[in-house]
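[1] The sequence and its predicted three-dimensional model are supplied below.
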Amino acid sequence: MRQTMMTAKEAGWLVCSNCHKLSRPVPHSQHWRCPRCHTRLHWRTPNSLAYAWALTLAAIIMFIPANMYPITHINFFGSGQADTILSGVIGLAKAGMIPIAAVVFIASIAVPLLKLVGLIILLLSVQFRWAMSMRQRTVMYRFIEWIGRWSMLDLFVIATLVALVKLGNIATIEAGIGASAFGAVVVLTMLAAHVFDPRLMWDNVALPEIAAEIEED
Amino acid sequence: MKELIACHECDLLLPYKALPSGTKACCPRCGYQLYSARNNSLERSLALNITGLLLYIPAMFLPIMSLEMLGQSQFDTVFAGIVTLFAHDIWWAALLVLFCSMLAPLLKKLLLFYVLMGIKHSWSKPPLAKAFTWYQHLDSWAMLEVYMLGVLVSVVKLIDLAAIHFGFGLGCFIALMICAMATSVVLDHHLIWHKLEQVPNQPKASL
């Protein structure tokens, strides 16, 4: 059996964003609901780009206090020290803990930055219909979706350290306000990736004509 | 008529085919994993889920590790970390850690337990569908494995400064994390929705 492939939208099927069931739009109605799970149905996530832009910009703004303000205050035998994300990484590297410095650097600095840059590129490419390799875009989108949660690492490290290191005058670690800003960056970028509808990337791309092996393999 | 499915990532329309167990179907255009087939997916999910529920309280409230320095010692639990963050007035970070390490994993387990039991005993469909919807929304916000990496990083940071002893809670936490990861591998969302479709709407329910 050989036929040109179609998207669900071209074939007139609405896809449920929640349970992935296909259903036909009810005529003379504007508010379609999934017959299986009752979720509102849309051809594409409404205002996906606008929401994703807003959340990405908010994340970029929060990225500034997240890196300027200290995330921890360390008190070690009376001498206090406030650490930002970057100075913490440098401290670890100077103390010779290179692998752990690399992990923290990747999770707290490189990944959030890459995510923001990646989101901006994805959004620009859809907004202005850039002719960009679909493979690259798909890899980028999946990376952003998948990696998002791992940026929470630094917050969990702080949560563990503050509970563990509270030994009165000997040593204490307290969390700083930068931790909250950093958490906001993580949440905002995760939400931006959630709200971005990847089908928009594919809508401007020609469909393959290789139905044969999927039909009968 | 043949059952059709659409790729959730690129909207390609495809025919649904039953798979031999242990295999998965991927979109030919974008490579997205459409669905996978597992043997006894429902029973295994339920077993893992109950195990996870049993492990939850010891994992969250028993000491993960303790630190000893100059005769003083202090132990750490997941819960204590959150309480300390609240005590330092870092509200937003505290709420986030609370949600991602304690609330989301617990809610996910309770919701999944309810859905699996509901399918087994044919309870009314609308609340079951709602519960599984919430389960899917919470999916990426439960971050036990990220927390685990956080514990590891903390240990490496402290190990030169003080003596660290691991507690029973750590074992429970690791087991809980493994249960959660195994559940997400074994759970077949396509199958759950398919089963939910067959659950009857009870008389009063409107859907």
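    Yep, that arrived.
[2] Touching, B:F75 and B:M65? I think so.
    Yes: if you go by C-beta atoms under 8 Å, B:F75 and B:M65 touch, sitting 7.0 Å apart. Placement of C-beta: from N, CA and C, glycine included.
[3] Which one's more surrounded, those two?
    B:M65 (21 against 17; other C-beta atoms under 10 Å in any protein chain shown).
[4] which residue packs closest to the residue of chain B found nearest chain A, ignoring adjacent ones?
    Residue of chain B nearest chain A, by C-beta to the nearest C-beta: B:G150 (2.9 Å). Residue nearest to B:G150 in three dimensions, not counting chain neighbours: A:F156, with 2.9 Å by C-beta to C-beta, 6 or more residues apart in numbering or on different chains.
[5] Doesn't that neighbour belong to a strand?
    No: A:F156 is assigned helix when assessed by DSSP: H, G, I helix; E, B strand; the rest coil, not a strand.
[6] Give me the buried positions along the helix ranked longest in chain A.
    In chain A, with assignment by DSSP state H, the single longest helix is helix A:48-68. Using 16 or more other C-beta atoms under 10 Å in any protein chain shown as the test for burial, helix A:48-68 gives A:48-49, A:51-53, A:55-56, A:58-60, A:62-63, A:66-67.
[7] can those residues go into JSON lines with extra columns for distance to chain B and pLDDT?
    Formatted as JSON lines, the buried residues of helix A:48-68 follow (distance: C-beta to the nearest C-beta, whole Å; pLDDT from 0 to 100):
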{"residue": "A:S48", "distance to chain B": "13", "pLDDT": "92"}
{"residue": "A:L49", "distance to chain B": "16", "pLDDT": "92"}
{"residue": "A:Y51", "distance to chain B": "16", "pLDDT": "95"}
{"residue": "A:A52", "distance to chain B": "15", "pLDDT": "95"}
{"residue": "A:W53", "distance to chain B": "20", "pLDDT": "95"}
{"residue": "A:L55", "distance to chain B": "15", "pLDDT": "96"}
{"residue": "A:T56", "distance to chain B": "17", "pLDDT": "95"}
{"residue": "A:A58", "distance to chain B": "14", "pLDDT": "96"}
{"residue": "A:A59", "distance to chain B": "14", "pLDDT": "95"}
{"residue": "A:I60", "distance to chain B": "18", "pLDDT": "94"}
{"residue": "A:M62", "distance to chain B": "10", "pLDDT": "94"}
{"residue": "A:F63", "distance to chain B": "15", "pLDDT": "93"}
{"residue": "A:A66", "distance to chain B": "11", "pLDDT": "92"}
{"residue": "A:N67", "distance to chain B": "15", "pLDDT": "91"}
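[8] which among those gets closest to A:V126?
    When these are ranked by distance to A:V126 (C-beta to C-beta), A:L49 comes first, at 6.4 Å.
[9] For the closest one, which residues are in contact?
    Neighbouring residues of A:L49 by C-beta atoms under 8 Å, 6 or more residues apart in numbering or on different chains: A:123, A:126-127, A:196, A:200.
[10] Show me the two of the residues you listed that sit farthest apart.
    The span of those, defined through C-beta to C-beta, is set by A:Q127 and A:F196 at 11.5 Å.
[11] And these two? Which one has more around it.
    Each of A:Q127 and A:F196 has its neighbours counted (other C-beta under 10 Å); A:F196 has more, 25 against 12.
[12] Against B:V156, how distant is the residue of chain A found nearest chain B?
    Chain B sits closest to A:F156 of chain A, with a gap of 2.9 Å, by C-beta to the nearest C-beta. Separation of A:F156 from B:V156 (C-beta to C-beta, to the nearest Å): 14 Å.
[13] Between the two, which is the more surrounded one?
    Neighbours around A:F156 and B:V156, counted as other C-beta under 10 Å, are more numerous at A:F156. The numbers are 25 against 17.
[14] And the pLDDT for the more buried one?
    What the model reports for A:F156 is a pLDDT of 93.
[15] swap in B:L55?
    We have a pLDDT of 95 for B:L55.
[16] Which residue comes closest to it once chain neighbours are left out?
    In space, B:L55 is closest to B:L176, 4.3 Å off (C-beta to C-beta, 6+ apart).
[17] residue contacts, the one you found?
    Contacts of B:L176 (C-beta under 8 Å, 6+ apart): B:52, B:55-56, B:59, B:105, B:144.
[18] Kindly report the same for A:K21.
    A:15, A:34-37, B:193, B:197.
[19] domain assignment for chain A?
    Here the domain assignment for chain A is A:1-43, A:47-208, based on automatic domain parsing.
[20] between those, which gets the lowest average pLDDT?
    Per-stretch mean pLDDT for those is lowest at domain A:1-43 (a mean of 83).
[21] According to the record, where do the domains of chain B fall?
    B:1-37, B:40-198.
[22] mind checking the SS state of the spatially most central residue of chain A?
    Nearest to the mean C-alpha position of chain A, by C-alpha atoms, centre = their mean, lies A:M190 at 3.4 Å. The three-state assignment at A:M190 reads helix, by three-state DSSP.
[23] Go ahead and confirm A:I120 touches A:T56.
    Yes: when contacts are counted by C-beta under 8 Å, A:I120 is listed as touching A:T56 (6.4 Å).
[24] what are the ranges of the helices in the chain?
    Because you didn't say which chain, this covers chain A. Going by DSSP H, chain A shows helices at A:48-68, A:85-94, A:98-105, A:111-127, A:134-147, A:153-164, A:177-195, A:199-202, A:212-215.
[25] ah, no, chain B please
    According to DSSP H, chain B carries its helices in the segments B:41-61, B:78-87, B:91-97, B:104-121, B:125-138, B:144-158, B:168-186, B:189-198.
[26] Which of those sits closest to B:G31?
    Across the helices of chain B, closest to B:G31 is helix B:189-198 (C-beta to C-beta), at 17.5 Å.
[27] What are the buried residues along that closest one?
    Across helix B:189-198, burial judged by 16+ other C-beta under 10 Å covers B:189-196.
[28] how about A:V26, what does it touch?
    Applying C-beta under 8 Å, 6+ apart to A:V26 gives the contacts A:W32.
[29] ok, B:L116 touching B:N49?
    Yes: between B:L116 and B:N49 there is a contact under C-beta under 8 Å: 6.7 Å.
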